[in-house]
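> Need the 3D shape of this:
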Amino acid sequence: MKKIILFAMLAVAGITASNAQTTKKASAKAAKVAKIEGAGMAFESETIDYGTIAHNADGKREFVFVNNGTKPLIITNAQGSCGCTVPTSPKEPIAPGAKGVIGVKYATDRVGAFTKTVTITSNAEGQPTKVLTIKGTVLPDPVKS
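Numbers count the residues shown, from 1 in each chain. Coordinates of the predicted model:
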């Protein structure tokens, strides 16, 4: 019986310590995203690396961001650097503190290495234009014998 109680106490202590570390990590990440006056746009990552993908693979990916400002963020345009890169953006304003997503679809029917950009135009304070990057390599179809 004493062993069971001791085990239960150790398990609770371990879970509490784990939760404390998770909270510290979340607080540190939140501290990195500084609040700004006006609308803001802070991306989790400004580059998406597709890696090496198969010919005609799913080319859809997402850039996730948060409005780290005090006013609603309005995205007025999302433009790919060529016709093979098609972005989508929220049509509604993103409230302060809310997350948003910029979708991008790359045409994976084009074989070889690629680096393309998506230019976002918004009312973000201090950075009305933001350039995001996608990159990777599309493999050719395997040779059939």
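> Point out where the chain drops to low pLDDT.
Flagging of the chain using pLDDT under 70 yields the residue ranges 1-33, 145.
> Cross-check the contact I'm expecting between Ile36 and Pro96.
No: using Cβ atoms under 8 Å, Ile36 makes no contact with Pro96, being 9.9 Å away. In this view, the C-beta of every residue, glycine as well, is placed from N, C-alpha and C.
> list the residues that contact both of those two?
With contacts taken as Cβ atoms under 8 Å, 6 or more residues apart in numbering, the residues that reach both Ile36 and Pro96 are 68-70.
> ok, of those, which come out buried?
68-69 (16 or more other Cβ atoms under 10 Å).
> Nearest to Lys105 among the shared contacts of Ile36 and Pro96?
Within the shared contacts of Ile36 and Pro96, the smallest distance to Lys105 is 26.5 Å, found for Asn68 (Cβ to Cβ).
> And the helices in the protein?
For the chain, the helices defined by DSSP state H occupy 2-32.
> domain parsing for it?
Per automatic domain parsing, the domain ranges recorded for the chain read 1-32, 42-138.
> okay, those domains, which one's buried deepest?
Stretch with highest mean neighbour count among the domains of the chain: domain 42-138 (a mean of 16; mean count of other Cβ atoms under 10 Å).
> and the end-to-end length of that domain?
End-to-end distance for domain 42-138, by Cα to Cα, to the nearest Å: 29 Å.
> how far out from the middle of the chain is it?
Distance of domain 42-138 from the chain centroid (Cα atoms, centre = their mean, to the nearest Å) equals 8 Å.
> Any chance you could list what contacts stretch 116-130?
Stretch 116-130 is contacted by residues 36-41, 43, 46, 63, 69, 71, 73-82, 84-85, 87, 89, 102, 104, 106, 131-135 when judged by Cβ under 8 Å, 6+ apart.
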